[in-house]
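Novice: Return atomic coordinates for the entry below.
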Amino acid sequence: MVAPEARVAEAPVHRYAATAHLLRLMKVLYFLSGFSASSFGRFATLFYLDSGLDAHRIGIVEGAQPIVALLGNQLFGLLSDSLQ
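Specialist: Residues are numbered from 1 along each chain as shown. Down below sits the predicted model:
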């Protein structure tokens, strides 16, 4: 028979294994997210040209993306903090 103290010591190990599995899954998803963004970025200019945008407008669209991402990340961060 196992002492109750031994059973208590086993619980955090199991919880750690589940957390490690979830962390590994998040790392893979983050990698795939970056991979998809970098592959889209390579062909976005060609897509914009094919859609009829000129070089000046493509520059505006490409330049606005980091600014929108910066402001959007801050906005959703504040929203997330206020909901917790």
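Novice: Can you mark which positions in the strand or helix carrying residue 64 are buried?
Specialist: Assigned by DSSP states H and E, residue 64 falls within helix 55-83. By 16 or more other CB atoms under 10 Å, the buried positions in helix 55-83 come out as residue 58. C-beta coordinates here come from the backbone N, C-alpha and C atoms, glycine included.
Novice: Point to the residue nearest the middle of the chain.
Specialist: Central residue of the chain (CA atoms, centre = their mean): residue 30, 5.1 Å from the mean position.
Novice: Now that residue: which helix or strand?
Specialist: Short version: residue 30 belongs to helix 4-50, going by DSSP H and E.
Novice: pLDDT averaged over that helix, what's the number?
Specialist: Per-residue pLDDT values over helix 4-50 give a mean of 80.
Novice: And that helix, what does it pack against?
Specialist: For helix 4-50, the packing partners by 3 or more CB pairs under 8 Å, 6 or more residues apart in numbering; DSSP states H and E come out as helix 55-83.
Novice: what angle do the helix it packs on and helix 4-50 make?
Specialist: 160 degrees (axes from the mean of the first three to the mean of the last three CA atoms, to 10 degrees).
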